[in-house]
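> below are the sequence and a predicted model; questions follow.
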Amino acid sequence: MAIAYSTSHYSKDAFRPDGARLEYAVHEVGDAWQVDLGPEGYLGGGLQVIIRKADMKVISALRTQ
């Protein structure tokens with residue numbers, strides 16, 4: 001459900017300000033969603049946010065390497 005929502009509301013082009021090549025991924029992890037945003041074609045070096053489904057509270061945020 002989260003993946004369908006993000007795909008329909010946020011196109012891949014929404015994450016390319018000033019020519020940046022960013023991509024996002026959404027994963028359901030139990031009672032939360034994990035959202036990763038990072039440079040296209042790279043592992044790590046981006047942002048990761050965990051959002052609790054019940055109240056949409058960000059319960060974790062970190063920068064991956």
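Yes, it's here.
> any regions of the chain where pLDDT drops low?
Along the chain, the parts satisfying pLDDT under 70 run over 1-3, 6, 10-20, 44.
> go with 90
Low-confidence segments of the chain (pLDDT under 90): 1-26, 36-47, 63-65.
> can you give me the helices for it?
With DSSP state H as the criterion, the chain has helices at 2-9.
> mind listing what the nearest residue to Gln34 once chain neighbours are set aside touches?
Nearest non-adjacent residue to Gln34, counting by CB to CB, 6 or more residues apart in numbering: His27, 4.5 Å away. (Glycine included, C-beta is placed from N, CA and C.) Counting by CB atoms under 8 Å, 6 or more residues apart in numbering, His27 makes contact with 33-34, 36.
> could you dump the residues you listed to a markdown table with distance to Lys57 and neighbour count?
A markdown table is the format used below for these (distance: CB to CB, whole Å; neighbours: other CB atoms under 10 Å):
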| residue | distance to Lys57 | neighbour count |
| --- | --- | --- |
| Trp33 | 11 | 20 |
| Gln34 | 14 | 16 |
| Asp36 | 18 | 15 |
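> between the residues you listed, which is nearest Leu43?
Checking the contacts of His27 against Leu43 with CB to CB, the nearest one is Asp36 at 10.5 Å.
> ok, what's across the strand from that closest one?
Asp36 has these beta-bridge partners by DSSP bridges: Ala25, Gln48.
> for Ser60, see how far away it is.
Distance, Asp36 to Ser60, by CB to CB, to the nearest Å: 12 Å.
> quick check: neighbours shared by the two?
Listed as contacting both Asp36 and Ser60 by CB under 8 Å, 6+ apart are Gln48.
> state the distance from Leu62 to Gln48.
According to CB to CB, Leu62 and Gln48 sit 5 Å apart.
> and these two? which has more neighbours close in?
Gln48 (16 against 10; other CB atoms under 10 Å).
> which residues sit in contact with that one?
Going by CB under 8 Å, 6+ apart, Gln48 touches 34-37, 60-64.
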